[in-house]
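1. A predicted structure for the sequence below; I have some questions about it.
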Amino acid sequence: MIAHSLVDRLQFFLIGHALGIETSCDDTAVGIVTSSRVILSDCIHLQSHLHEPKGGIVPTLAMVSHRKSLPTVIRDAVEKARVDVLRDVDIIAVTRGPGLGPCLGVGVDAAKSLACVLRKPIIGVHHMEAHALTPRLLNPLLSFPYLTLLISGGHTLILLTRRVNTHTILSTTIDDSIGEAFDKVTRLLNLPWLPGRSGGPGATLERYASLGDASKYNFPIPMTKDKSQLQNSNMSFSGLKTAVKYLIEEEKLDVEDEEVRRDLAAAFQYAAVEHLIGKLRLCIKECCKGELDVRKLVCSGGVARNGFIRERLNKLAMEYDLELFFPPPELCTDNGVMIAWAGIERYQCGLIDDYFFEQIPKWPIDSLG
């Protein structure tokens, strides 16, 4: 982190536009956002057609695709925003981590080159913090502190977000993320991925689940065997995925049968979400009874698109009289807009990086402060 004079720190009053680059996993995304919360462009190049035949994300394929597509996506974002990069863009923000190292490197190198040539400040953004801050882009009245539920393919976290750069982990998964479990069960059921930006394996499973009967199969809610597990705020989704696998094998279920697929998807989704809600309930109780009476809940990340999860969270928020904030579905999945906005938030706090930082593939969010 480089030092700044008082004048430097006050420059955020003059900031107009931020360009954000996201290449942490399998999609290449660039967005341009203003400090007055206007999204000027939101461009993305999808890679699902490369990875679906492989059954999951292949890092080397993703990296090569990022290298090929990033220049074009940057150009498209600038043209759509109708801005002059040299004159109008004030900062360059890029996902620094966590994520796939080779993929992160493509974005970081491009951002550093762009910022250096244009003589613009550069901001290395924590991917999960960007998800946590996205609702503030769309809701100016969302103030700190708040509870944050981050659910994605790589992470499942419940945080106390105190301010920019300061997050306390209240709960995490001890094995698979909820998104990873969704993806693995999608493979077990041999379901085709839904195409497009709102698609992917998790979206497919949700669609099948919406048509199924969750009562047909009874999967145990994880971590409910004894009192110590019930009182443990951490989560576990690996055993639930394994339970689906064992049931298919032991009962010799035909996963090519559409009704079987739908009912299994519904039963799995129900158990996974009940587990998630149960652990979130523990964290809410803990926060509400302390000195810090948190009354706002944010849910973000790719899995936050899930309609069943949104429905359950709405009920939970009503139960505890919480204000609930979601990004729109298109900003739940990885995007450049959230990186640009997180860059603005960090810039306004004086959190500016030098041109020599490297990507951080494994980067706990509570290490930021």
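-> Good, I have the coordinates.

2. where does the stretch 201-350 of the chain have low pLDDT?
-> Counting by pLDDT under 70, the stretch 201-350 of the chain has low-confidence residues at 290-291.

3. all strands of the stretch 1-150 of the chain, in order?
-> Along the stretch 1-150 of the chain, counting by DSSP state E, counting those that start in this stretch, strands occupy 17-22, 28-34, 39-45, 89-97, 122-126, 146-151.

4. let's have these in a markdown table, adding distance to Val78 and mean neighbour count.
-> C-beta coordinates here come from the backbone N, C-alpha and C atoms, glycine included. A markdown table is the format used below for those (distance: least, C-beta to C-beta, whole Å; neighbours: other C-beta atoms under 10 Å):
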| stretch | distance to Val78 | mean neighbour count |
| --- | --- | --- |
| strand 17-22 | 8 | 29 |
| strand 28-34 | 7 | 27 |
| strand 39-45 | 7 | 20 |
| strand 89-97 | 8 | 26 |
| strand 122-126 | 17 | 25 |
| strand 146-151 | 30 | 25 |
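
5. save those as a markdown table, and put in mean pLDDT and distance to Ala110 too.
-> Shown next, in a markdown table, are these (pLDDT from 0 to 100; distance: least, C-beta to C-beta, whole Å):
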| stretch | mean pLDDT | distance to Ala110 |
| --- | --- | --- |
| strand 17-22 | 98 | 6 |
| strand 28-34 | 98 | 10 |
| strand 39-45 | 98 | 13 |
| strand 89-97 | 98 | 8 |
| strand 122-126 | 99 | 11 |
| strand 146-151 | 98 | 26 |
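
6. can you redo those strands as CSV with distance to Asp254?
-> Shown next, in CSV, are the strands of the stretch 1-150 of the chain (distance: least, C-beta to C-beta, whole Å):
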stretch, distance to Asp254
strand 17-22, 40
strand 28-34, 38
strand 39-45, 37
strand 89-97, 42
strand 122-126, 44
strand 146-151, 31
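
7. of these, which is nearest Arg310?
-> Closest to Arg310 of those is strand 146-151 (C-beta to C-beta; 11.0 Å).

8. check which helices and strands whichever helix or strand His167 is part of sits against.
-> According to DSSP states H and E, His167 maps onto strand 166-172. When contacts are defined as 3 or more C-beta pairs under 8 Å, 6 or more residues apart in numbering; DSSP states H and E, strand 166-172 sits against strand 156-163, helix 258-289.

9. can you list those in CSV and add distance to Leu19 and mean neighbour count?
-> Converted to CSV, these look like this (distance: least, C-beta to C-beta, whole Å; neighbours: other C-beta under 10 Å):
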stretch, distance to Leu19, mean neighbour count
strand 156-163, 24, 22
helix 258-289, 34, 20
